[in-house]
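K.L.:
I'd like to go over a predicted model; first the sequence, then the structure.
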Amino acid sequence: MNVLGIPSVESVLAQPAVRALLGGLRREVVVECVRECVAALREERGKPGADPGPQGDAAALVAARVAQRLQPRQPQSLRRVVNATGVIIHTNLGRSPLAPAVVEAVSQVAAGYCNLEVDVATGERSKREAHVAALLARITGAEAATVVNNNAAAVVLTLAALAAGQRVICSRGELVEIGGSFRLPEIIACSGAQLVEVGTTNHARAGDYQAALTPDTAAILKIHPSNFRIIGFTSEAPLKELADLAHRSSTLLIFDAGSGLLLPAGEPVFASEPVVRQAIADGADIVTFSADKLLGGPQGGGIVGRRDLIQRISRHPLKRAVRVCKLTLAGLEAALRAHLQPQGPPDTVTMRLIHRPLAELEADAQALADAARRAAPGWNASVEPDESSIGGGSLPGETQPTVVVWLEAPGLAADALDRAFRLNEPPIFGRFRKGRFGLDLRTILPGDADDIVACVTRLARSGSTGE
Ligand SMILES: *Cc1c(COP(=O)(O)O)cnc(C)c1O
């Protein structure tokens, strides 16, 4: 112990709380954590004006911190949460939940070996993408298809393979940032293509693109501005017109469709969403999209289009760096199969959530509010109509009517309630808006309501935030 009250590593290791940890954890892991916590304390206490703290307790204090960090009963860091935000494709909460058939397909290949890169009939080596490529091509009407890790990778790889060192023409109104630092101009630069911007933020006509065409133009790039919408005095060249222009000028039309709506869905809520099959029919040479947005699969990026171009893309060295794993392929294949059913929208969780009838949500909301009132007699639970957004950079400005249960707990401000629900196990993410905390029924999955009621019960009993 020195003047600052910093315990030695040995004295912390001798503390009962740390000795108990050594029974279940490797010694070097524990020692390393003790060193870190001792160093942290030294830094805290070494700051000018810092409270040196009670000398004798320092070893016990550090031991408690070590135990807290290494606690074997700590839940796994990445774990299930309840999404009561109403945002259906919530990137921070893992985007699309997977349908039971998709989960089953993933778990089948996860626990053992699988025919990832071998043709069962011939025993010869095959390409891993083969498991989904034909299916993707059939569903979208494209000649050929491949998959990579996500749509950002799909865009970079496509441009690297087809446009590196050449010009790519893109409308200023489409050079967007898609959350979490995915900035299209930077992505394009990464591929080695030279970006040529045309038009203005709100206007880009076919003529603007035409004027920018030169012999070293590799492609016109059209991007679906999926997470925002410019309204008012705007114009955008239709994809078909741009495809015709590209082909007259012996160049390519590449389309980043974003959210991965593969087939027409028929509902008005999808009116502004590009359909991959339609983009191919309209003449796009390559279309890229995410697999975990409206498609309802695991994280992935689809690339569909002309066979010769897909071949060039597949042979590019970057392809190996962005290849998908067997779990992705298994899940994606199952999610794509759900697109083959003869009628109705594909049977994915995302689609099911978007289409859940309001009457069902109202009934569930009343039941949840009643259960909350029973669990916490002093609380107020009110059911109100509201709007859910689709999220995930899909359908900007489009909402689905929903129902929200707003909760009020005596003596607990809405932000404290919000935090207490997040600190629940499983964590519950609700809506915190205009000083109120509520739960949006549209994204509450079967079984989630039990977790919510258990959380309300616990908070009401403890009469506090549960911390
Ligand atoms: C979401 C989105 C992306 C990024 O897709 P990831 O699969 O998240 O990499 C790129 N472009 C558009 C238009 C998008 O909507």
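P.N.:
Cool, got the structure.
K.L.:
who are the neighbours in contact with the nearest residue to Gly86 once chain neighbours are set aside?
P.N.:
Sequence neighbours aside, Asp440 is the residue nearest to Gly86 in space, at 2.9 Å (criterion: C-beta to C-beta, 6 or more residues apart in numbering). C-beta here means a position set from N, CA and C on the backbone, and glycine is covered the same way. Residues near Asp440 by C-beta atoms under 8 Å, 6 or more residues apart in numbering: Ala84, Thr85, Gly86, Asp386, Ser388, Thr402, Val403, Val404, Gly430, Arg431.
K.L.:
Run a quick check on the last one versus Gly86, I expect a contact.
P.N.:
Yes: checked against C-beta atoms under 8 Å, the pair Arg431 and Gly86 is within contact range at 6.4 Å.
K.L.:
overlap in contacts of the two?
P.N.:
With C-beta under 8 Å, 6+ apart as the test, Arg431 and Gly86 both reach Val404, Asp440.
K.L.:
Need the CA coordinates for the longest strand along the chain. CSV is fine.
P.N.:
In the chain, with assignment by DSSP state E, the single longest strand is strand 394-408. Extracted in CSV, the C-alpha atoms of strand 394-408 (Å, rounded to 0.1, in the frame of the first residue of the first chain):
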residue,chain,number,x,y,z
SER,A,394,-36.6,1.5,-45.9
LEU,A,395,-39.7,3.5,-46.8
PRO,A,396,-38.7,6.9,-45.5
GLY,A,397,-41.7,8.9,-44.5
GLU,A,398,-43.9,5.8,-44.7
THR,A,399,-45.5,4.7,-41.4
GLN,A,400,-47.9,2.0,-40.3
PRO,A,401,-50.7,2.8,-37.9
THR,A,402,-50.0,1.2,-34.5
VAL,A,403,-51.0,1.2,-30.8
VAL,A,404,-48.8,2.3,-28.0
VAL,A,405,-49.2,1.6,-24.2
TRP,A,406,-47.9,4.6,-22.4
LEU,A,407,-46.7,3.9,-18.8
GLU,A,408,-46.5,6.3,-15.9
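K.L.:
Strand partners (parallel or antiparallel) of that strand?
P.N.:
strand 380-391 (antiparallel), strand 436-440 (antiparallel) (DSSP bridges).
K.L.:
Does the ligand have contacts with the first one?
P.N.:
No: for strand 380-391, no contact with the ligand is found by C-beta under 6 Å from any ligand atom; the gap never falls below 10.5 Å.
K.L.:
now that strand, how far from the chain's geometric center?
P.N.:
22 Å (C-alpha atoms, centre = their mean, to the nearest Å).
K.L.:
Just the residues contacting it, thanks.
P.N.:
86-91, 269, 294, 354, 362, 365-366, 368-370, 372-373, 395, 398-408, 438, 440, 442-443.
K.L.:
Ok, stretch 354-361 next?
P.N.:
Contacts of stretch 354-361 with the rest of the structure, by C-beta under 8 Å, 6+ apart, involve Ile88, Glu267, Val269, Pro345, Ile390, Gln400, Pro401, Thr402, Val403, Leu441, Arg442.
K.L.:
What's the separation between the last one and Arg422?
P.N.:
Applying C-beta to C-beta, to the nearest Å, the value for Arg442 to Arg422 is 19 Å.
K.L.:
more neighbours, the two?
P.N.:
Neighbour tally, Arg442 and Arg422, criterion other C-beta atoms under 10 Å: the higher count belongs to Arg442, 28 against 14.
K.L.:
one step back: how about JSON lines for the contacts of stretch 354-361, with distance to Cys37 and pLDDT added?
P.N.:
Shown next, in JSON lines, are the contacts of stretch 354-361 (distance: C-beta to C-beta, whole Å; pLDDT from 0 to 100):
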{"residue": "Ile88", "distance to Cys37": "42", "pLDDT": "92"}
{"residue": "Glu267", "distance to Cys37": "55", "pLDDT": "72"}
{"residue": "Val269", "distance to Cys37": "52", "pLDDT": "70"}
{"residue": "Pro345", "distance to Cys37": "53", "pLDDT": "81"}
{"residue": "Ile390", "distance to Cys37": "44", "pLDDT": "83"}
{"residue": "Gln400", "distance to Cys37": "48", "pLDDT": "85"}
{"residue": "Pro401", "distance to Cys37": "51", "pLDDT": "93"}
{"residue": "Thr402", "distance to Cys37": "46", "pLDDT": "96"}
{"residue": "Val403", "distance to Cys37": "47", "pLDDT": "97"}
{"residue": "Leu441", "distance to Cys37": "44", "pLDDT": "97"}
{"residue": "Arg442", "distance to Cys37": "44", "pLDDT": "96"}
